[in-house]
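Visitor: no sequence for this one, just the structure:
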């Protein structure tokens with residue numbers, strides 16, 4: 001079926017204008033979600049196709065030079081949208097150089113036919129390839145919106161390559177914007193699909209980013225950036241099931257910063273916040289990648305050390321305790337000395353062990369460590385489910401005993 005080419009151009013322009021209006025209207029209220037940038041890209045796309053509809057009735061510099069430059073600007077906006085949505089630095093040089101190249105090529109080659117058509121197609125092909133590359137490179141883990149961007153840009157590539165093939169085969173006249181034939185109908189129709197898929201892909205990419213941000217906010221502690229109580233308990237549940245099946249060791253430690261209330265009272269809560277962040281940075285630098293730490297309470301942390309025996313966990317924690325004591329937190333001109341106490345449970349979890357019972361035993365060991373003078377570690381006995389009384393402990397590591 002052969003369609004009237006200017007009519008297709010006008011249809012694409014109308015669709016792009018409506019979508020641009022919607023995205024610009026919504027995107028202006030949040031400049032960081034990339035929707036405003038995507039809307040500007042659609043607006044440039046619509047203006048380009050408006051210029052195409054005037055081909056043969058208006059000056060060539062407008063209907064071809066300005067039109068293709070606007071199309072290059074639209075693809076540049078789409079590229080910027082990917083980086084804005086993913087909150088990444090925008091490679092402005094790479095993005096803006098191609099529309100500038102298009103403008104220069106159109107200015108120099110406007111009075112030719114095949115050279116200007118090849119130059120315009122080459123610039124747009126490079127832009128589509130960059131959109132595909134960046135969409136793949138910056139896809140969200142588990143996300144699917146980038147697939148729409150890749151497919152949309154790939155469809156545009158097909159239309160552009162059809163145009164290049166026609167030019168190289170000596171039938172460039174069939175691909176002029178006022179020509180209506182099967183090749184032109186297919187090529188221009190692919191442009192309609194491109195507009196819809198790129199815009200929809202950017203909208204969904206923004207949505208995926210928002211959902212990912214909300215998920216991180218739900219799982220991470222807002223101050224320290226580590227897992228919050230809910231998330232660390234979920235991780236604990238997974239580790240407990242894994243070690244039960246594999247019949248391997250699991251160590252957990254309840255860590256509590258000593259005299260933290262005094263730090264808040266003496267230096268203020270901002271200093272207390274910096275102390276917590278300092279401790280978390282210190283812990284993360286010295287723990288294994290397989291270890292997991294989460295903020296269990298105000299100044300209390302839950303540490304999971306899979307596949308770790310008693311000697312290993314006590315040595316690791318004592319080294320961690322000693323290194324924190326040797327590394328005071330800095331708050332302005334203040335140097336704030338720190339230490340922690342920890343209660344440890346270690347063993348192969350049995351069918352009767354639960355998250356609550358193991359934490360209760362580690363917590364009882366922590367209570368005994370604090371009652372014994374702080375800045376020390378205590379190892380809890382392995383017990384059957386139930387309430388563990390304070391003081392029922394099997395081993396302790398005193399300061400300096402390392």
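Guide: Cool, the structure landed. Just so you know, these numbers come straight off a predicted model, no measurement behind them. Residues are numbered from 1 along each chain as shown.

Visitor: contacts for stretch 79-95?
Guide: Counting by C-beta atoms under 8 Å, 6 or more residues apart in numbering, stretch 79-95 makes contact with 32-35, 37-38, 41, 76, 127, 130-131, 134-135, 138, 140, 149, 202, 205-206, 209, all of which sit outside it. Quick note: C-beta positions are derived from backbone N, CA and C, even for glycine.

Visitor: Show me those that map onto helices.
Guide: Counted as lying in helices by DSSP state H, out of these, are 35, 37-38, 41, 76, 127, 130-131, 134-135, 149, 202, 205-206, 209.

Visitor: Contacts only, for residue 208.
Guide: Contacts here follow C-beta under 8 Å, 6+ apart; on that basis residue 208 touches 140, 143, 144, 145.

Visitor: which one of those residues sits closest to residue 340?
Guide: For residue 340, the closest of those turns out to be residue 140, at 36.3 Å, with distances computed as C-beta to C-beta.

Visitor: any idea how far the closest residue to the closest one other than its chain neighbours is from residue 19?
Guide: Nearest-residue entry for residue 140: residue 208, 5.0 Å, with adjacent residues in sequence omitted and distances by C-beta to C-beta, 6 or more residues apart in numbering. The spacing between residue 208 and residue 19, counted by C-beta to C-beta, to the nearest Å, is 19 Å.

Visitor: next one: residue 374
Guide: 63 Å.

Visitor: for residue 332, same thing?
Guide: Using C-beta to C-beta, which is the criterion applied here, residue 332 is 51 Å from residue 19.

Visitor: check contacts around the residue located most distally from the centre of the chain.
Guide: Summary for the chain: using C-alpha atoms, centre = their mean, the residue whose C-alpha lies farthest from the chain's mean C-alpha position is residue 57, with a distance of 47.7 Å. In this structure, residue 57 makes contact with residue 63, judged by C-beta under 8 Å, 6+ apart.

Visitor: Tell me the confidence at it?
Guide: Per-residue confidence (pLDDT) for residue 57: 91.

Visitor: Repeat that for residue 213.
Guide: Residue 213 carries a pLDDT value of 79.

Visitor: which parts of the helix or strand that contains it are buried?
Guide: Using DSSP states H and E, residue 213 sits in helix 182-219. Using 16 or more other C-beta atoms under 10 Å as the burial criterion, the residues of helix 182-219 that qualify are 183-185, 187-206, 208-209, 219.

Visitor: returning to that earlier point: the more surrounded of residue 374 and residue 19?
Guide: Regarding residue 374 and residue 19, a neighbour count based on other C-beta atoms under 10 Å identifies residue 19 as having more, with 21 against 15.
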